[in-house]
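Asker: quick one: sequence and predicted model below, then my questions.
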Amino acid sequence: MENKKNKSMSWVTHADLDDVGKRLAGRIVVTPTVAVNMPSLQRLYPTTQFFFKMEHWQKSGTFKFRGALNRILLADPPPRGVTVASAGNHAIAVGLAARELGLPAHLVMQDSANPLRVALARETGAQITLCSDGSSTFAKAHQVADENDYLFVHPFDGKAITDATAMVAVEMIDQAGGLDAICVAIGGGGLSGGVAAGGKLLNPDMMVIGAEPSG
């Protein structure tokens, strides 16, 4: 029996980064990495240079567009349509990706979602269904997928998502001329997992700091 503990493997490889870079080229915004000079930060860390990745300038307004588009483009065979369970940002990203690829989308969202996010998702031309909580939202999305033979685009899980969000770290390192550390928000893990994998692949000594609410 193979001893998996001794088997060396990487979740994201250089070949993966090359592939996703080519696949998404011209379809996403290569958002800038901007040097930040804030007096409060300079007082606390006088020898440290800080950079912000302006991913809010991405299509759909968040990093979610990268993973959504990559997942749909990798589907084999190409999907008849797409569906998703989301509280907001992922639904907007999937709806926009579907529109750009000429696919129908049925977005299932929680009714507690920010009304602006619901409106932005609706503006993509997708059908919207609101559900009362996370469990019913996921259940309804899987029902839509089964009944219509649609692709369910998970909001954070899967290699297609990780490979796409790894490019955030790749772009940051390239644009900043190298980094000693990256601080990344932790939600479902799609962004933080990809940034950690991509950043560590390019610089194994780089520190990756995850930040999340204490509650």
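Answerer: Thanks, I have it.

Asker: so where's the longest helix in the protein?
Answerer: Using DSSP state H, we find that the single longest helix of the chain is helix 159-176.

Asker: for the protein, which segments count as helices?
Answerer: For the chain, the helices defined by DSSP H occupy 14-24, 39-44, 64-74, 89-101, 115-123, 134-148, 159-176, 190-202.

Asker: so can I have JSON lines of those showing mean neighbour count and mean pLDDT?
Answerer: Yep, even glycine has a C-beta here, placed from its N, CA and C like the rest. Formatted as JSON lines, these follow (neighbours: other CB atoms under 10 Å; pLDDT from 0 to 100):
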{"stretch": "helix 14-24", "mean neighbour count": "16", "mean pLDDT": "96"}
{"stretch": "helix 39-44", "mean neighbour count": "10", "mean pLDDT": "88"}
{"stretch": "helix 64-74", "mean neighbour count": "26", "mean pLDDT": "97"}
{"stretch": "helix 89-101", "mean neighbour count": "25", "mean pLDDT": "97"}
{"stretch": "helix 115-123", "mean neighbour count": "16", "mean pLDDT": "95"}
{"stretch": "helix 134-148", "mean neighbour count": "16", "mean pLDDT": "96"}
{"stretch": "helix 159-176", "mean neighbour count": "23", "mean pLDDT": "96"}
{"stretch": "helix 190-202", "mean neighbour count": "24", "mean pLDDT": "94"}
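
Asker: what does the longest helix of the chain rub up against?
Answerer: Helix 159-176 is contacted from outside by 11-12, 16-17, 19-21, 24, 30-33, 35, 51, 53, 55, 63, 66-67, 69-71, 74, 154, 179, 182, 190-191, 193-199, 201-203, using CB atoms under 8 Å, 6 or more residues apart in numbering.

Asker: taking the centroid of this protein, which residue is nearest it?
Answerer: Nearest to the mean C-alpha position of the chain, counting by CA atoms, centre = their mean, stands Lys64 at 3.7 Å.
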